[in-house]
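A.B. asks: Okay, structure incoming, though there's no sequence with it:
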Ligand SMILES: Nc1ncnc2c1ncn2[C@@H]1O[C@H](COP(=O)(O)OP(=O)(O)OP(=O)(O)O)[C@@H](O)[C@H]1O
Ligand code: SF4
Ligand SMILES: [Mg+2]
């Protein structure tokens, strides 16, 4: 395998559990995915499917008592799922950049944009004050903020929503990470600004060959931005593959339902209800295939045995029909 | 920022005028001061002379204007009780109270803030839960009980520190300070601790509640996701966002401590304003009471104005548009 093709991120059979008095809730189960340098992986699925959870688990930011119960997370050649907090601090921001959903609340209101940028830069790159300031200003310029020297000294509330999200992107890129996890980066923004932000993100990541995990509800964003799509359902990955294939020739019955229910690009998954029923709660995921109570193609095997993610065409799908056998 | 400060100060002056009006009314309503000052043997001529000297023959409006004018220059008249200048009387006592209160406040911040942060970030551990429990006791224990216990343990049993008085003081102009002599500092410790215990628990509980709130916010999670070390996130990013209510509470506490340090002052025989006020009340010494009211109100108003300005220093969003 050529060096360029080596995955930046590789998640293997990840399982995340939340132990509680009433038993153990499994938030993620058997999630495997990988992202190459410069590749953008779109992650879609209904609300509560586990998209954000996957991102948090990779960053080591699961809230207690949540924990990785099984599986591995590899960042290049380094396994990171067992590192302690101190070690993760030198990975977060340095190797994995994060973009949150709401730019209005992602920035600390009491510090200037410049101080938050230089704080991140100095933390990870060990630069002096002046050098960090220079880098911060050039980052602000890169993300398309006009007159960055003046903006450097301003507070978040002096920026518009779109401009704040650009600042958040600058923060994510501050230490030139290899991977960016963007959790619904445009959901909270004005529709007119969403496209600008996604294309900015795409442009910067292609230039710097940064891998991106892009969580979104917006199929339009996915179609325009992503190279591959991962579809999640009830804490599991049900299908993953190149964007054109998943959008136009989905393999998994759930993905098919999802795509069929989208009247036009730009619509949001959460509002569509052409698939009858709703996603099960985490403590009530049915045996076998989690989708079986809602699946039109379900057979007897589906409620007994759980299908695993197997290669189909250029992608992979977790469905007995795709596995070549019968449902 | 300057406009903001000027606005706040104008506001403060209005409030002070209202307070002066109130103090003045107390003067007028408390009965004839001449009657309070004289004895059976005083002749009518002496009474009239006294009436004239106190300016009681002029119109009410003139008296009020003069009262405000004099008060603004620090002239609150003379004590009915012993004929001494009121401001001098207060000036002798005020430093003792202020030093006690400021040291107590300092202790409560230095101890209360970190404890509040600790109990928030380590909540659920046995030691933080014990602290929480102890703080309930701290809030409910009356300060004179704390004072007496401290005296019992540290002065009577251990003999480490004096149980009453202020120790030696050094005169800096009209200000007498106990902070510059070893015996003054030793005398200050116990009453300051007694006074701060309640404040420590208040600040700790307030900071804990605010921290728990702030730690849930996105910018804290984002700071963690940026790889900012945990302690820096807690003490720089989170604590700063908790400071506003702490500033308010601390300022209001300084005010109430000065006004009500009286119990602790009594327990420790601390020669402060509280003792002076008690005496003034017993003797119906109206000028002292009026001066006390004005000075305490001035302190509250000044603290309030300082709080508003501190807010603007902490939170850029309150500085007004640029
Ligand atoms: N502390 C917790 N304890 C137990 N379960 C949790 C906890 N936090 C989250 N979950 C569960 O984990 C599941 C995955 O949530 P996640 O936030 O990843 O969904 P999502 O796909 O990002 O949805 P959305 O589109 O709404 O953001 C949810 O069903 C949620 O109820
Ligand atoms: S495994 Fe069975 S139930 Fe699950 S998606 Fe495939 S056909 Fe439907
Ligand atoms: Mg989410």
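C.D. replies: Everything's here; your move. Since we're looking at a predicted model, the values are computed, not measured. Ligands and ions are numbered 1, 2, ... in the order given.
A.B. asks: ok, the residue lying closest to residue A:81 once chain neighbours are set aside - contacts?
C.D. replies: Leaving aside its chain neighbours, residue A:81 sits nearest to residue A:73 (4.1 Å; criterion: C-beta to C-beta, 6 or more residues apart in numbering or on different chains). C-beta: built from backbone N, CA, C; applies to glycine. Contact partners of residue A:73, counting by C-beta atoms under 8 Å, 6 or more residues apart in numbering or on different chains, are A:9-12, A:14, A:57-58, A:79-81.
A.B. asks: so residue A:73, which of the three states?
C.D. replies: strand (DSSP: H, G, I helix; E, B strand; the rest coil).
A.B. asks: bridging residues for it?
C.D. replies: Assessed by DSSP bridges, residue A:73 has beta-bridge partners residue A:11.
A.B. asks: And it, how far from ligand 2?
C.D. replies: 27 Å (C-beta to the nearest ligand atom, to the nearest Å).
A.B. asks: same deal with residue B:286?
C.D. replies: Between residue B:286 and ligand 2 the computed distance is 89 Å (C-beta to the nearest ligand atom).
A.B. asks: Residue A:138 now?
C.D. replies: Plainly put, residue A:138 is 49 Å away from ligand 2 if you go by C-beta to the nearest ligand atom.
A.B. asks: Strands along chain A, start to end?
C.D. replies: Under the criterion DSSP state E, chain A carries strands at the ranges A:9-20, A:23-35, A:40-44, A:67-75, A:78-79, A:96-99, A:179-183, A:211-215, A:228-233, A:236-242, A:310-312, A:315-317.
A.B. asks: of all those, which gets the most neighbours per residue?
C.D. replies: Of all the strands of chain A, strand A:96-99 has the most neighbours on average by mean count of other C-beta atoms under 10 Å in any protein chain shown, namely a mean of 28.
A.B. asks: wait, doesn't residue B:4 sit right on residue B:319?
C.D. replies: Yes: taking contacts as C-beta atoms under 8 Å, residue B:4 lies within contact range of residue B:319: 6.9 Å.
A.B. asks: joint contacts of the two?
C.D. replies: Taking C-beta under 8 Å, 6+ apart as the contact criterion, the residues that touch both residue B:4 and residue B:319 are residue B:312.
A.B. asks: Quick check, the residue in the stretch 201-327 of chain A closest to chain B?
C.D. replies: Nearest to chain B, among the residues of the stretch 201-327 of chain A, is residue A:213, at 13.0 Å (C-beta to the nearest C-beta).
A.B. asks: Next up, the contacts around that residue.
C.D. replies: Applying C-beta under 8 Å, 6+ apart, we find residue A:213 in contact with A:9, A:35, A:41, A:43, A:54-55, A:58, A:179-182.
A.B. asks: Near chain A, which residues of chain B? Just list them.
C.D. replies: With C-beta under 8 Å from any C-beta of the partner chain as the criterion, chain B comes near chain A at residues B:217-219, B:221-230, B:237, B:240-241, B:314-317, B:322.
A.B. asks: Which of those residues are buried, as a ChimeraX select command?
C.D. replies: Remark: buried members of these, expressed as a ChimeraX selection using 16 or more other C-beta atoms under 10 Å in any protein chain shown:
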select /B:217,218,219,221,222,223,224,225,226,227,228,237,240,241,315,316
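A.B. asks: Looking at the contacts of residue A:213, which two lie furthest apart in space?
C.D. replies: Greatest spatial distance in these: A:54 and A:180, 14.1 Å, computed using C-beta to C-beta.
A.B. asks: Might you enumerate the residues of the stretch 101-250 of chain B proximal to ligand 2?
C.D. replies: If contact is defined as C-beta under 6 Å from any ligand atom, none of the residues of the stretch 101-250 of chain B are in contact with ligand 2.
A.B. asks: hang on, the earlier thing: tell me the spacing between the residue of the stretch 201-327 of chain A closest to chain B and residue A:230.
C.D. replies: Per C-beta to C-beta, to the nearest Å, residue A:213 is found 9 Å from residue A:230.
A.B. asks: Tell me, how many residues neighbour residue A:117?
C.D. replies: Residues within reach of residue A:117, counting by other C-beta atoms under 10 Å in any protein chain shown, total 24.
A.B. asks: Now it. Nearest residue, chain neighbours left out?
C.D. replies: Residue nearest to residue A:117 in three dimensions, not counting chain neighbours: residue A:136, with 3.8 Å by C-beta to C-beta, 6+ apart.
A.B. asks: The residue of the stretch 51-200 of chain B found nearest chain A: neighbouring residues, count only.
C.D. replies: Across the stretch 51-200 of chain B, no residue is closer to chain A than residue B:124, which sits at 9.3 Å (C-beta to the nearest C-beta). Neighbour count for residue B:124, taken as other C-beta under 10 Å: 8.
A.B. asks: So it versus ligand 1, what's the distance?
C.D. replies: Between residue B:124 and ligand 1 the distance is 15 Å, computed by C-beta to the nearest ligand atom.
A.B. asks: Model confidence score at that residue, please.
C.D. replies: On pLDDT, residue B:124 comes in at 84.
A.B. asks: Starting from residue B:132, give me the distance back to it.
C.D. replies: 10 Å.
A.B. asks: can you check residue A:39 too?
C.D. replies: Applying C-beta to C-beta to residue A:39 and residue B:132 gives a distance of 49 Å.
A.B. asks: Pick out whichever of those two has more residues nearby.
C.D. replies: More crowded of residue A:39 and residue B:132, by other C-beta under 10 Å: residue A:39, with 20 against 16.
A.B. asks: quick one: the helices in chain A?
C.D. replies: Using DSSP state H, the helices of chain A run over A:51-59, A:85-89, A:103-106, A:113-125, A:129-142, A:148-151, A:161-173, A:191-208, A:219-225, A:243-248, A:253-260.
A.B. asks: where's the helix or strand that contains residue B:195 relative to the chain centroid, distance-wise?
C.D. replies: When elements are defined using DSSP states H and E, residue B:195 is found to belong to helix B:182-215. Computed by C-alpha atoms, centre = their mean, to the nearest Å, the separation of helix B:182-215 from the middle of its chain amounts to 14 Å.
A.B. asks: buried sites along it?
C.D. replies: Residues of helix B:182-215 classed as buried by neighbour count (16+ other C-beta under 10 Å): B:184-185, B:187-208, B:210-212, B:214-215.
A.B. asks: Kindly report the same for stretch A:123-135.
C.D. replies: Buried residues in stretch A:123-135, counted by 16+ other C-beta under 10 Å: A:123-124, A:127, A:132-133, A:135.
A.B. asks: Can you check the distance spanned by it, start to finish?
C.D. replies: End-to-end span of stretch A:123-135 (C-alpha to C-alpha, to the nearest Å): 13 Å.
A.B. asks: Leaving out the residues flanking it, which one is nearest to the residue in the stretch 201-322 of chain B that chain A sits nearest to?
C.D. replies: With C-beta to the nearest C-beta as the measure, residue B:227 is the residue of the stretch 201-322 of chain B nearest to chain A, at 2.9 Å. In this structure, residue B:227 finds its nearest non-sequential neighbour in residue A:93, 2.9 Å apart by C-beta to C-beta, 6+ apart.
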